[in-house]
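1. Can you look at this prediction? I've put the sequence above it.
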Amino acid sequence: MATNMREAIESGVPDPFPYMHPLMRKNYGQWKWHERPRPGVLHHVSAGGDEIWTVRAGTQRQMDTGTIRELCRIADTFAEGHVRFTVRSNIEFMVSEEAKVGPLIEALSTGGFPIGGTGNSVSMIAHTQGFLHCDIPGTDASGVAKSLMDELYDEFVNERMPNRVRLSTSCCQINCGGQADISINIQHTKPPKINHDLVANICERPSVVARCPVAAIRPAVVNGKPSLEVDERKCVCCGACYPPCPPMQINDPEHSKLAIWVGGKNSNARTKPSFQKLVASGLPNNPPRWPEVAKTVKKILRCYQQDARDWERLGEWVERIGWQRFFELTELPFTRYHIDNWRGSSNTLNHSMHIRF
Amino acid sequence: MTKMHPTPMLDQLEGGPWPSFVTGFKRLAEKNPMMVDLLGQLEHSYENRKGYWKGGTVSVYGYGGGVIPRFSEVAEKFPASAEFHTLRIMPPPGMHYDTNILRALCDIWDRHGSGLLALHGQSGDMMFQGCTSENVQKAFDEINELGFDMGGAGPSVRTSMSCVGAARCEHSCFSEAIAHRKVMNSFVDDLHRPALPYKFKFKFSGCPNDCVNSIQRADMAVIGTWRDDIQVDQDEVREFVRSKGRQYVMDNVVTRCPTNCISLREDDSLEIDNRNCVHCMHCINVMTKALSPGQDRGVSVLVGGKRTLKIGDLFGTVIVPFMKLEKEEDYDELIELAETIIDFWAENGLEHERCGEMIERIGFANFLEGIERDVDPAMIAQPRSNSYIRMDGWDDEADKWFQRQPDKAATA
């Protein structure tokens, strides 16, 4: 059997140049400036005068080969056979003539692919796997992204936000979805339910104990079997023990809620990068369309859109108007849970007379 | 043909203007029983609000990672998708494709897998989702023959990401694609054979806009910057002022500079105090035609970014304020730095401890000592404000600083 095994060619990361649009290859490192003629379209000009137009379209990320073949057909018929993907799963078609932009947009629109995601728009949601493929999901990911993008469609195809808006979702508290202007994450509210019959056989107990961020797990003998117990007063319900020890079930259809965090920013533009902050929680995990989440996200987006100044990212807007005003405008409740108690949390309190009335 | 399961909840995700993954799954289910049962299990998850996958061990010959094994816990109900593994495959930097290669990949995946392909996962992989244990090797062999290799999973160097960069962006300050490839391909062993304390991610962003979010997500972030003056085309500045108006320029360029180093002169040209510019990119983002990064370009390197697990989110911290990335030796220096950091972390990191968490635990100054790098004020936001520190090595440390100064002057 093993004698027939093929040795892998350990080629690593492939060379991108053969796949690049020829104009990108030719002008690599030579681009001079760009503009956005309309939402979803970029126009780049090189130092030598070459021009390239890019049409950006949204995708469902989890694509069937039929969808990819259709995108390839469009790329061959209406563009120039080269595409690339953005980190937010948008597809980009590059063309060397402005005249090709219109028909390309027409073909993509007919195929059901929205044109946008550029400039000051709400781009596609960075998301995780959820029920589709994750072994520890508290909720779905593709479905949440689809439902929200249906609701935010007009903001994807237009550029009418004060600055770009990046969204993410995460289906557990490891938060693989990443930092974002608005992030929608699972928040467990109850400690894990332990199946003591299984712990000894499935879990490497010392590494589960080590995994807990608040040292709430300790070895114990339960019903005569080696197991683990959780100090429920210490437990922060993060679920970190669940991946290394599946008998410590953290997901709870009723009590695993969704929380919304705002103000994450990785760009260095104007202000330094910032982490997102908790603004809402307790939203029900309500498939297939999670209407309560959509309603809250849209409310926050509306307030930001109406009140922020040009170029202010969501977090920068809140920095300027203050958290008091944020909770007032969004009509979200401010609770004891908003006050941080993690290490370094003293820095998040207001040690000043800077108070708005 | 396997009979379709009723999917009333998923059906609701076929409506609405955004492209529907459910419609695509159903299209695959017409030909592939695996997707029939996958849809059934997904609907079952929607009904019960629970996941039904468990991990396991599946890999390809010679590698330890790269396949995410998934075995169904409800296989008796949905037998055709009892095994639904993912192959993580590394895309070219910048995620460029031509239609021939995409079609070739689709052909392989229609033959050996479910036909479901995610472009791309959060780590930057092409994710070929839905493969039986038996077919994993077959699919990989064919994908590998096309010039694509397995990505990372588990406690290993992970698949990297870089922005479009020099291929189509005037803000690009280095060759992201080349750096990405050179660095990653120096670590293929650590990528394919997981043996580190935990994951280690590299990300490459061409400028401080950091479009791949390296600063919050990469254990080692390589971000483009420049150290000379911003390039200003004053004719284009005047044109911008003329078309947008002075107030727009005051409100959206001048007063938005974080270090107040821009002024608008009487003649509608811009004056920039470049010594105080922190290279935030804002003015360049607004005035794409008039302003561009300087000509003396290179990168800064930040170490230790990660998301929540276990001690909370961490940003990367500056470890190299500036280095050139042009000659072969420059790339070698970057790779050596990465090797030193990974070796030190492999030696000193606890199990399941990210590099940034180790730095937090041992202290940044100790980390620097461990990897034999000098301290630099560009690495901190402020000096310590707590006086509880033993400082009997002060004179020696101060000497080191003064001794470094002439060298710095000589090479500048």
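-> Right, received. Where do you want to start? Numbers count the residues shown, from 1 in each chain, chains lettered A, B, ... in the order given.
2. Burial check on residue B:332, number of neighbours?
-> 12 (other C-beta atoms under 10 Å in any protein chain shown). From N, CA and C alone the C-beta is placed, and that goes for glycine too.
3. Flag every buried residue along the host helix or strand of it.
-> Secondary structure assigned from DSSP states H and E places residue B:332 in helix B:328-348. For helix B:328-348, the neighbour count (16 or more other C-beta atoms under 10 Å in any protein chain shown) marks B:330-331, B:334-335, B:337-338, B:341-342, B:344-345, B:348 as buried.
4. For chain A, tell me whether that helix is touching it.
-> No - using C-beta under 8 Å from any C-beta of the partner chain, helix B:328-348 stays clear of chain A, coming no nearer than 12.9 Å.
5. Which elements pack onto that helix?
-> Packing partners of helix B:328-348 (3 or more C-beta pairs under 8 Å, 6 or more residues apart in numbering or on different chains; DSSP states H and E): helix B:176-184, strand B:220-226, strand B:297-303, strand B:317-323, helix B:355-362, helix B:364-370.
6. Just say which of the ones you listed is most tucked in.
-> Of these, the one with the most neighbours on average (mean count of other C-beta atoms under 10 Å in any protein chain shown) is strand B:220-226, at a mean of 27.
7. could you check the angle helix B:328-348 makes with that strand?
-> Here the directions of strand B:220-226 and helix B:328-348 differ by 150 degrees (axes from the mean of the first three to the mean of the last three C-alpha atoms, to 10 degrees).
8. What parts of the stretch 301-412 of chain B come near chain A?
-> Checking the stretch 301-412 of chain B against chain A by C-beta under 8 Å from any C-beta, the hits are B:307-313, B:315, B:350-352.
9. which of those has the most neighbours?
-> Among these, the one with the most neighbours (other C-beta under 10 Å) is residue B:309, at 22 neighbours.
10. Quick check: chain neighbours aside, which residue is closest to that one?
-> Closest residue in space to residue B:309, ignoring its immediate chain neighbours: residue A:174 at 4.7 Å, by C-beta to C-beta, 6 or more residues apart in numbering or on different chains.
11. Distance-wise, check that neighbour relative to residue A:331.
-> For residue A:174, the distance to residue A:331 equals 30 Å [C-beta to C-beta, to the nearest Å].
12. Between those two, tell me which one has more neighbours.
-> Taking neighbours as other C-beta under 10 Å, residue A:174 and residue A:331 compare with residue A:174 leading, 21 against 9.
13. Show me what the top helix by length along chain A packs onto, helices and strands only.
-> The helix spanning the most residues in chain A, taking DSSP state H as the definition, is helix A:291-307. When contacts are defined as 3+ C-beta pairs under 8 Å, 6+ apart, helix A:291-307 packs onto helix A:142-151, strand A:182-188, strand A:256-262, strand A:277-283, helix A:314-321, helix A:323-330.
14. Residue B:260: which of these is closest?
-> For the helices and strands packed on helix A:291-307, proximity to residue B:260 was assessed by C-beta to C-beta; helix A:314-321 is nearest, at 16.4 Å.
15. Quick check: buried residues in that closest one?
-> Within helix A:314-321, the residues scored as buried using 16+ other C-beta under 10 Å are A:314-318, A:321.
16. for those, which one is nearest chain B?
-> Chain B has its nearest neighbour among the buried residues of helix A:314-321 in residue A:316, at 9.7 Å by C-beta to the nearest C-beta.
17. since we're on the closest residue to that closest one other than its chain neighbours, how many residues are nearby?
-> Among residues not flanking residue A:316 along the chain, residue A:271 sits closest, at 5.6 Å (C-beta to C-beta, 6+ apart). Using other C-beta under 10 Å, the number of residues around residue A:271 comes to 17.
18. show me what contacts residue A:271?
-> Applying C-beta atoms under 8 Å, 6 or more residues apart in numbering or on different chains, we find residue A:271 in contact with A:265, A:313, A:315-316, A:319, B:258.
19. Which two of those residues have the greatest separation?
-> A:315 and B:258 (14.2 Å).
20. and residue B:311, what pLDDT?
-> Note on residue B:311: pLDDT of 89.
21. dump the residue contacts of residue A:303.
-> Applying C-beta under 8 Å, 6+ apart to residue A:303 gives the contacts A:326, A:329-330.
22. any chance of these in JSON lines, plus distance to chain B and pLDDT?
-> As requested, those are exported to JSON lines (distance: C-beta to the nearest C-beta, whole Å; pLDDT from 0 to 100):
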{"residue": "A:326", "distance to chain B": "20", "pLDDT": "98"}
{"residue": "A:329", "distance to chain B": "22", "pLDDT": "98"}
{"residue": "A:330", "distance to chain B": "23", "pLDDT": "98"}
